[in-house]
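# Curious how this folds, go ahead:
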Amino acid sequence: MADAVEQLAAVRTKIAAAERQAGREPGSVTLVAVTKTFGAPDINPVLLAGQRVFGENRVQEAQGKWPALKVEFPDVELHLIGPLQSNKAKEAVALFDVIETVDREKIAAALAAEIRKQAKAPRLFVQVNTGSEPQKAGIEPREAVAFVGRCRNVHGLAVEGLMCIPPLDENPGPHFALLEKLAREAGVKKLSMGMSGDYELAIAFGATSVRVGSAIFGSR
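Okay, here's the model as predicted:
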């Protein structure tokens with residue numbers, strides 16, 4: 001996986017350049033290396049190269065590889081970036097440091113119950129379906145600010161940011177701009193937006209973390 005280590009370095013360089021171009025503080029954008037479908041042998045070289053923040057799409061897949069990796073690299077920060085089912089809330093709270101896909105009342109309630117039971121509080125983002133795509137997870141933009149409020153006031157959840165995945169066939173810029181506007185209205189400071197094809201643009205629009213997989217690990 002020498003290629004992955006080289007590609008990781010290239011992505012880091014591009015993030016730093018995008019930060020400079022946007023007038024952002026150096027290091028203000030967190031790289032979340034997305035490891036879905038890749039196993040420990042693929043991930044290890046990237047860990048050894050110093051990467052510590054990773055994203056997974058499925059709870060069950062993450063359970064198969066990350067507990068052992070976290071023993072070896074205890075300072076890893078693991079993000080859930082795929083849809084969460086309420087029956088997986090227990091496992092998600094136990095394993096993940098950040099859950100980026102809070103998107104409906106049932107999930108908020110399930111996470112609140114598990115956080116109380118486990119006395120462990122992963123950081124939380126609300127996922128917004130900025131393109132109102134019927135096949136995609138995420139709360140509707142018009143409901144996002146009120147939902148963040150309910151997460152806080154009804155469920156006692158400390159939401160720190162918003163996340164989106166723009167439609168594949170559209171210019172992502174307006175979607176990033178919409179998410180930034182909603183974050184300001186909701187009073188949250190973190191923006192998880194931008195993937196392998198558009199993370200530099202996302203940084204220009206204020207992303208505080210970018211989720212990059214194929215640009216580091218190659219195609220799945």
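# what helix or strand does residue 215 sit in?
Using DSSP states H and E, residue 215 falls within helix 214-217.
# oh sorry, the question was meant for residue 71
Going by DSSP H and E, residue 71 is in helix 66-72.
# Extract the C-alpha set from that helix and format it as PDB.
Extracted C-alpha coordinates of helix 66-72, given in PDB (Å, rounded to 0.1, in the frame of the first residue of the first chain):
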ATOM      1  CA  TRP A  66     -11.500  -1.300  14.200                       C
ATOM      2  CA  PRO A  67     -11.500  -2.700  17.800                       C
ATOM      3  CA  ALA A  68      -8.200  -4.500  17.200                       C
ATOM      4  CA  LEU A  69      -6.700  -1.500  15.300                       C
ATOM      5  CA  LYS A  70      -7.800   0.800  18.200                       C
ATOM      6  CA  VAL A  71      -5.900  -1.400  20.700                       C
ATOM      7  CA  GLU A  72      -2.700  -0.900  18.600                       C
END
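# Rounded mean pLDDT for that helix, please.
Averaging pLDDT along helix 66-72 gives 97.
# what's next to the helix holding residue 215, contact-wise?
With contacts defined as CB atoms under 8 Å, 6 or more residues apart in numbering, helix 214-217 is touched by 1, 4, 7-8, 10-11, 33-35, 38, 42, 46, 196, 199, 220. (Each C-beta comes from the backbone N, C-alpha and C, glycine too.)
# ok, 6 Å please
4, 7, 8, 11, 33, 38, 196 (CB atoms under 6 Å, 6 or more residues apart in numbering).
# Of these, which is the most crowded?
residue 33 (24 neighbours; other CB atoms under 10 Å).
# which element follows the helix or strand hosting that residue toward the C-terminus?
Assigned by DSSP H and E, residue 33 belongs to strand 30-34. Sequence-wise, the next helix or strand downstream of strand 30-34 (DSSP H and E) is helix 40-48.
# Show me how far that next one is from its chain's centre.
Distance, stretch centre to chain centre, for helix 40-48: 20 Å (CA atoms, centre = their mean, to the nearest Å).
# again, but for stretch 208-220
12 Å.
# Which positions within that stretch qualify as buried?
208, 209, 210, 211, 212, 213, 215, 216, 217 (16 or more other CB atoms under 10 Å).
# what does stretch 141-150 give?
For stretch 141-150, by 16+ other CB under 10 Å, it's 141, 144, 145, 147, 148.
# Could I get the phi/psi values of the spatially closest residue to residue 132 that is not a sequence neighbour?
Spatial nearest neighbour of residue 132, excluding adjacent residues (CB to CB, 6 or more residues apart in numbering): residue 140 at 6.2 Å. Residue 140 adopts backbone torsions of phi -60, psi 140, taken as degrees, to the nearest 10.
# number of nearby residues for residue 140?
There are 12 residues near residue 140, going by other CB under 10 Å.
# before we move on, what about residue 156?
11.
# Let's test this: mean pLDDT of the longest helix along the chain, rounded?
What stands out as the longest helix in the chain, according to DSSP state H, is helix 2-21. Taken as a whole, helix 2-21 has a mean pLDDT of 96.
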